[in-house]
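Asker: The following block contains a protein sequence and its predicted model.
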2 protein chains.
Amino acid sequence: MPEIHFEDLTPGSTFDLGSTVVDRDEMVAFAERFDPQPFHVDPEAGKRSVFGELAASGWFTAGLWMRAYVDNLLRGSSALGSPGGDDIAWPAPVFAGDELRATIEVLDARVSRSRPEMGLITLRGTMHRVSDGVLVYRSRFTGMFGLREPATDQPAAREP
Amino acid sequence: MPEIHFEDLTPGSTFDLGSTVVDRDEMVAFAERFDPQPFHVDPEAGKRSVFGELAASGWFTAGLWMRAYVDNLLRGSSALGSPGGDDIAWPAPVFAGDELRATIEVLDARVSRSRPEMGLITLRGTMHRVSDGVLVYRSRFTGMFGLREPATDQPAAREP
């Protein structure tokens, strides 16, 4: 697989990141460790909650999206991490057994001024429930990627 | 412990959410499942990366913050979940063994127009490394909380 560099992530591009099915045991185990609110760990509390059913922690959904992103785009890329983002949303609850399809869209791309060997990509990540098409996760964040051919304002080194 | 309701979360309030130490095995296991980028799972790749050392997935750090928030504020509160936020950042890497202190600050509070039994709180969450005071995690998001005394524009029911 050819490496994905900054230059390959052009604004307007969308990548399918595949789909994943929410495993009930893992969903509950995650919530017990990281987000033990009653509606995430107790089926009865889930039924009484605004979600109407035991619902996944939003951080579990974010983790499933991240894994899809690593498996289907970052792996073998020149990714250098992320400083963060300015939108993260869980517009609808996720339930055990849901099949979720992940995508990522490139919104913007620019070379870093302070580090011209690096590019900054603005990305929109989403997850939709396959059964009804409902959006259950949305994010917008910056990804840092190495350039295949680093930009430079410097003249080439002189021949000796 | 008295329940925390919307009315208790007044803008300007800050809550200490305690501290937690990053367990190396758990940090790596989390990354292997949810964020298996080389610098999160392979010590040698971590050393060669921009982080200079094996670094935690930002989603693991977010999970540790969430657990501190549940243990120290949400548990026993009237929390109804969160639709998301408009800032999430990892300004510095987190390493195995780091002790992280979590806080939350109330930035804004308003009663929902469509659901007057519910309030919407804007919250700022942070985590700092205890050893050097460096900010390693920051978020701003909306929390939904039930009111202790629901607001109402309706006249009281008439006596029969």
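Answerer: Okay, I see it.

Asker: Could you use CA atoms for every contact and neighbour count after this?
Answerer: Will do.

Asker: Where does pLDDT dip in chain A?
Answerer: A:1-2, A:151-160 (pLDDT under 70).

Asker: residues in it within reach of chain B, list them.
Answerer: On the criterion CA under 8 Å from any CA of the partner chain, chain B has as its neighbours in chain A the residues A:33-37, A:49-50, A:59, A:62-64, A:66-67, A:70, A:74-75, A:80, A:82-91.

Asker: can you give me the helices for chain A?
Answerer: A:24-34, A:38-41, A:43-48, A:58-69 (DSSP state H).

Asker: Can you add mean neighbour count and give those helices back as TSV?
Answerer: As requested, the helices of chain A are exported to TSV (neighbours: other CA atoms under 10 Å in any protein chain shown):
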stretch	mean neighbour count
helix A:24-34	18
helix A:38-41	23
helix A:43-48	16
helix A:58-69	22
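
Asker: residues making contact with stretch A:85-94?
Answerer: A:51, A:55-56, A:58, A:61, A:134-142, B:82-89 (CA atoms under 8 Å, 6 or more residues apart in numbering or on different chains).

Asker: and if we set it to 7 Å?
Answerer: A:51, A:55-56, A:58, A:135-142, B:83-89 (CA atoms under 7 Å, 6 or more residues apart in numbering or on different chains).

Asker: Would you list the buried entries among those residues?
Answerer: Using 16 or more other CA atoms under 10 Å in any protein chain shown as the burial test, these include A:51, A:55-56, A:58, A:135-142, B:83-85, B:87-89 as buried.

Asker: Which of these fall in strands?
Answerer: Under the assignment DSSP state E, the buried ones among the contacts of stretch A:85-94 contribute A:135-142, B:84-85, B:87-89 to strands.

Asker: Can you tell me how far the closest residue to residue A:38 other than its chain neighbours is from residue A:26?
Answerer: Using CA to CA, 6 or more residues apart in numbering or on different chains and skipping the chain neighbours, the partner closest in space to residue A:38 is residue A:45 (5.6 Å). Computed with CA to CA, to the nearest Å, the distance linking residue A:45 and residue A:26 is 18 Å.

Asker: re earlier: please identify which of the ones in strands among the buried ones among the contacts of stretch A:85-94 is nearest to residue A:10.
Answerer: residue A:142 (13.8 Å; CA to CA).

Asker: Might one say that that closest one is in contact with residue A:123?
Answerer: Yes. Using CA atoms under 7 Å, residue A:142 makes contact with residue A:123 at a distance of 6.1 Å.

Asker: what residue lies at the spatial centre of chain A?
Answerer: Chain A has residue A:66 as the residue nearest its centroid, 4.3 Å off, counting by CA atoms, centre = their mean.

Asker: mind listing what that one touches?
Answerer: B:34, B:35.

Asker: Repeat that for the one 3 residues further on.
Answerer: Residue A:69 is in contact with residue A:17, counting by CA under 7 Å, 6+ apart.

Asker: what's the answer for residue A:127, then?
Answerer: Counting by CA under 7 Å, 6+ apart, residue A:127 has contacts A:65, A:100, A:101, A:102, A:103, A:135, A:136, A:137, A:138.

Asker: Which residue comes closest to it once chain neighbours are left out?
Answerer: Residue A:127 sits nearest to residue A:102 (CA to CA, 6+ apart), 4.5 Å away.

Asker: In this structure that neighbour contacts residue A:20, no?
Answerer: No. Using CA under 7 Å, residue A:102 makes no contact with residue A:20, being 8.3 Å away.

Asker: Which residue of the two possesses the greater neighbour count?
Answerer: residue A:102 (26 against 19; other CA atoms under 10 Å in any protein chain shown).

Asker: which residues sit in contact with that one?
Answerer: Applying CA under 7 Å, 6+ apart, the residues near residue A:102 are A:16, A:17, A:18, A:19, A:65, A:68, A:126, A:127, A:128.

Asker: just residue A:57 next, same as before
Answerer: A:31, A:35, A:40.

Asker: Out of those residues, the closest to chain B would be?
Answerer: Nearest to chain B among the contacts of residue A:57, counting by CA to the nearest CA, is residue A:35 at 5.4 Å.

Asker: tally of neighbours for the closest one?
Answerer: 28.
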